[in-house]
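In: how would this look folded up:
(one chain, ligands or ions: 1)
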Amino acid sequence: MEKIIVCGGKPLHGTLRVQGSKNAALPILAACVLIRGVTVLENCPDLSDVRAAVAILRHLGCVAKREGHRLTVDSRCISCYTIPNELMREMRSSIVFLGSVLARTGNAVLCAPGGCEIGLRPIDLHLSALRALGAAIDDENGILRCHAKRLRGATVRLPIPSVGATENALLAAVTAKGDTLLCGAAREPEIDDLVLFLNACGARIARTGEGDLSVRGVQTLHGCRHRVIPDRIAALSVMAAVGAAGGNVLLENAAPAHLEAASQVLRRAGCRVEETGGSLTVAAEGRLRAVPSIETRPHPGFPTDGQAVLMAMLSTAKGKSRVTETIFENRFHHVDALRRMGANICLRGRCAIVEGVPTLYGAAVTARDLRAGAALIVAGLGAQGTTVIDGVRHIDRGYEKIEACFKTLGAQIERSADSGSEQPQSE
Ligand code: UD1
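Out: Numbers count the residues shown, from 1 in each chain. Reported below is the predicted structural model:
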């Protein structure tokens, strides 16, 4: 099994171009199912989650070709509406294919994704939105059988602004008969990118209020060329690493407007964060200070996906920080590993109290989920000594060659195959 080995304590310096957004690319790939034509996606990150989405597209009959960060998808011949379990299991967010497969073919058969490392992750809101649009859905022991000759527009109210349910409802509504009003929709930048993409393909979607989207159903969608937005969580992970290790980094292609809440928190901790056009400079020197209270919130609040890397950074900030996770019920998998590196973190329900220590120390730790893995890299970059991180496959779901990125910034970081000898004991 591969490991990432970080020799910490070296400040980060240089320039890095932020990868394309995983969470924007995935629903856009699901949207390709709706298109009777050829789509060209630029800035599409090469990650295992994106490869899992492409495998689903190919299974459904699409022809997909990657050249660097350009992905071309020809979805003229969709020949299938069943997604096998092994493809669904590769990635929990494959549920977002439900709306588009149903809208394109009139049917969809797939297994409901189960819970995952960070919580139960139910799909009740996805299903009630699709039912409101006219889908008949049977759940036979976790196999979802969905049918709708043609979906019809309706008013759909989401009681919480679920990102995935918003995406599924949009994908089902764009070619439905009539108009849909989606109330309480998510406002994440990735939703805006999906809307931009769909409108470029001939959809008619407008934001009519902060959490409201109106959709005028159209008969068909055509292909387009689209550039995926930068990955705000990948950018935030580098920013947190600069906070932890010190240094000065220019992040190109960073979409600073998507990172406002995060930039504010980093500034409160003592980092310098400056915007120049589409770029961000982040700099830090010496010990940061604690941030008394941070809560994860739906956009434009502080993102739950950035909670783990932020906590890694705050582990060595002077004073006491309180980090409250309000979105997912089980998203503190990084805490045990950070404690193993010397962090002083106390968990009280959904709240983590971080009493900053002067330094962390390298240790053998395991990434239990994607963002927890990124947090361990951030902690390792700021720590004294060597950190050996196991569970790298989680990190590879969302970060493109993460060790190479940090290497260009001067970090001592390597990926190695497990030789089985002389590695520190895993946690
Ligand atoms: C997406 C992101 C994920 C991010 C999350 C919140 C992708 C691929 N993933 O996940 O990285 O952490 O948004 O910003 O884009 N919920 C229900 N019922 C539902 C759906 C959701 O109760 O039917 C709850 C969830 O359990 C969770 C909350 O709503 O507590 C938010 O989840 P949601 O916004 O749906 O997250 P995802 O779309 O799964």
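In: What residues does the stretch 101-250 of the chain have near the ligand?
Out: With CB under 6 Å from any ligand atom as the criterion, the stretch 101-250 of the chain meets the ligand at residues 119-126, 160, 162-165, 190. Heads up, the C-betas are built off the backbone N, CA and C, glycines and all.
In: helices or strands next to the helix or strand harbouring Ala129 in the packing?
Out: Under the criterion of DSSP states H and E, Ala129 resides in helix 124-132. On a contact count with 3 or more CB pairs under 8 Å, 6 or more residues apart in numbering; DSSP states H and E, helix 124-132 meets helix 97-105, strand 136-140, strand 155-157, helix 163-173.
In: Now do that helix and helix 97-105, the angle between them.
Out: 20 degrees (axes from the mean of the first three to the mean of the last three CA atoms, to 10 degrees).
In: Show me the strands in the stretch 251-400 of the chain, by range?
Out: Remark: strands assigned in the stretch 251-400 of the chain by DSSP state E, counting those that start in this stretch are 272-276, 279-284, 293-295, 320-324, 344-348, 351-355, 364-366, 386-390.
In: So for Leu151, which of the ones you listed sits nearest?
Out: strand 293-295 (36.5 Å; CB to CB).
In: sorry, back to before: what mean pLDDT does the helix holding Ala129 have?
Out: The average pLDDT for helix 124-132 rounds to 96.
In: distance between it and the chain's centre?
Out: Distance of helix 124-132 from its chain centroid, counting by CA atoms, centre = their mean, to the nearest Å, is 22 Å.
In: Show residues contacting it.
Out: 95, 98-99, 102, 137, 139, 144, 146, 148, 151, 154-156, 158-160, 162, 164-165, 168-169, 172, 182 (CB atoms under 8 Å, 6 or more residues apart in numbering).
In: Out of those residues, which end up buried?
Out: 95, 98-99, 102, 137, 144, 146, 148, 151, 154, 156, 158, 162, 164-165, 168-169, 172, 182 (16 or more other CB atoms under 10 Å).
In: Contact partners for the residue nearest to Gly142 when sequence neighbours are not counted?
Out: Spatially, and ignoring its direct neighbours in sequence, Gly142 is nearest to Ala112 (5.0 Å; CB to CB, 6 or more residues apart in numbering). By CB under 8 Å, 6+ apart, the residues touching Ala112 are 95, 123, 139, 142-144.
In: Closest to the ligand out of those residues?
Out: Ile123 (4.6 Å; CB to the nearest ligand atom).
In: Which pLDDT value goes with the residue nearest to the closest one when sequence neighbours are not counted?
Out: Nearest non-adjacent residue to Ile123, counting by CB to CB, 6+ apart: Ile95, 5.6 Å away. Looking at Ile95, its pLDDT stands at 94.
In: Tell me the secondary structure of Ile95, please.
Out: helix (DSSP: H, G, I helix; E, B strand; the rest coil).
In: picking up where we left off before, filter the residues of the stretch 101-250 of the chain next to the ligand down to the buried ones and hand me the ChimeraX line.
Out: Under the burial definition 16+ other CB under 10 Å, those of these that qualify are selected in ChimeraX by:
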select :121,123,125,126,162,163,164,165,190
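In: Could you check how many residues crowd around Ser48?
Out: Neighbour count of Ser48, defined by other CB atoms under 10 Å: 17.
In: ok, now Arg70?
Out: If we define neighbours as other CB under 10 Å, then Arg70 has 14 of them.
In: how about the helix or strand bottoming out on mean pLDDT in the chain, does it reach the ligand?
Out: The weakest-scoring helix or strand in the chain, judged by mean pLDDT, DSSP states H and E, is helix 85-90 (a mean of 87). No - figure legend: helix 85-90 not in contact with the ligand (CB under 6 Å from any ligand atom); closest approach 12.7 Å.
In: any idea which of the residues of the stretch 101-250 of the chain next to the ligand is closest to Thr316?
Out: The closest of those to Thr316 turns out to be Gly119 (CB to CB; 27.6 Å).
In: okay, that closest one: pLDDT?
Out: 64.
In: what number of residues lie near the residue lying closest to Ala308 once chain neighbours are set aside?
Out: With CB to CB, 6+ apart as the criterion, Ala308 has its nearest non-adjacent residue at 3.7 Å, and that residue is Ala375. Counted by other CB under 10 Å, the residues lying close to Ala375 total 31.
In: on that earlier part again, comparing the helices and strands packed on helix 124-132 by mean pLDDT, which bottoms out?
Out: Across the helices and strands packed on helix 124-132, strand 136-140 gives the lowest mean pLDDT, at a mean of 93.
In: so what secondary structure elements neighbour the helix or strand that it is followed by?
Out: Sequence order places strand 143-147 as the next helix or strand after strand 136-140, per DSSP H and E. Contacts defined by 3+ CB pairs under 8 Å, 6+ apart place strand 143-147 against helix 97-105, strand 107-111, strand 136-140.
In: make it 10 Å
Out: Under the contact criterion of 3 or more CB pairs under 10 Å, 6 or more residues apart in numbering; DSSP states H and E, strand 143-147 touches strand 82-83, helix 97-105, strand 107-111, helix 124-132, strand 136-140.
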